[in-house]
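1. Sequence plus predicted model, see below.
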Amino acid sequence: MILPQPLQKLINAFERLPGIGPKTASRLAFYLLRSGDEAAQELSDALDGLREKIAFCEQCFNITEAGRSRCQICEDPNRDGNLLCVVADTLNVLAFERTEGFKGKYHVLQGLLSPIEGIGPDDLKIAQLLSRIKAEDIREVIIATNPSMEGDTTALYLRQRLQPMGVKVTRLGLGLPVGGDLDYADQNTILRALSGRQEMS
Ligand SMILES: [Zn+2]
């Protein structure tokens, strides 16, 4: 059956999203078609100018609202600025925030080192991390990259760069499955990994 063009266009757009197959894409599109103008309008409003409305925090490179130079976490005076958790992306920040067990601050690398994909240190926010350690009073850096090949490569590289700076460098402890992903770990696993973090030597 050939669908009307506007509907097919919406289905195609949904299908390009991660984790959405053709069936789900069709279901979502038909749901919006049936559910009246309000649901469709809400979705349309949320998408409208999304990219322009989001900016990166100038301090930690987490996402924030456009027009703000720093994110809410960096601006929060109740967070411990001596303790810095280094993560690959904002989704990892969300995973830690969900546990409500971490009161330090973050640094978002915006990716992981991957020699295979040609992603080197200059492609990530590593220079910015080193400047922060020089400029801010940071006591400990927790490297919270996933226990994957890219995560390990990044952690080892960071250790090499950070240790000569005299800052304590730790890595998340056991509990996270090898090859696993922080975003899918439950809150207890993340809290356990956080409390079991070990100094990298
Ligand atoms: Zn920030």
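-> The structure has been received and is ready for your questions. Numbers count the residues shown, from 1 in each chain.
2. Now do the buried residues in the lowest-mean-pLDDT helix or strand in the chain.
-> With mean pLDDT, DSSP states H and E as the measure, the helix or strand of the chain carrying the lowest mean pLDDT is helix 187-195 (a mean of 81). Counting neighbours by 16 or more other Cβ atoms under 10 Å, one finds that the buried residues in helix 187-195 are 189-194. Using the backbone N, CA and C atoms, a C-beta is placed for each residue, glycine as well.
3. which strands and helices sit next to the top strand by length along the chain?
-> Taking DSSP state E as the criterion, the chain has its longest strand at strand 80-87. Other elements packing on strand 80-87 under the criterion 3 or more Cβ pairs under 8 Å, 6 or more residues apart in numbering; DSSP states H and E are helix 90-99, strand 104-108, helix 126-135, strand 140-143.
4. contacting residues around it?
-> Residues from elsewhere that reach strand 80-87, judged by Cβ atoms under 8 Å, 6 or more residues apart in numbering: 93, 96, 102-109, 129, 132-133, 136-145, 158, 182.
5. Could I get the average pLDDT for that strand?
-> Strand 80-87 shows a mean pLDDT of 96.
6. C-alpha coordinates for that strand, CSV please?
-> What follows is strand 80-87 as a C-alpha-only set of coordinates in CSV (Å, rounded to 0.1, in the frame of the first residue of the first chain):
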residue,chain,number,x,y,z
ASP,A,80,31.7,19.8,45.3
GLY,A,81,34.0,21.4,42.9
ASN,A,82,37.0,19.4,44.2
LEU,A,83,35.6,16.2,42.7
LEU,A,84,35.4,15.9,39.0
CYS,A,85,33.7,13.0,37.2
VAL,A,86,34.8,12.7,33.6
VAL,A,87,32.3,11.1,31.2
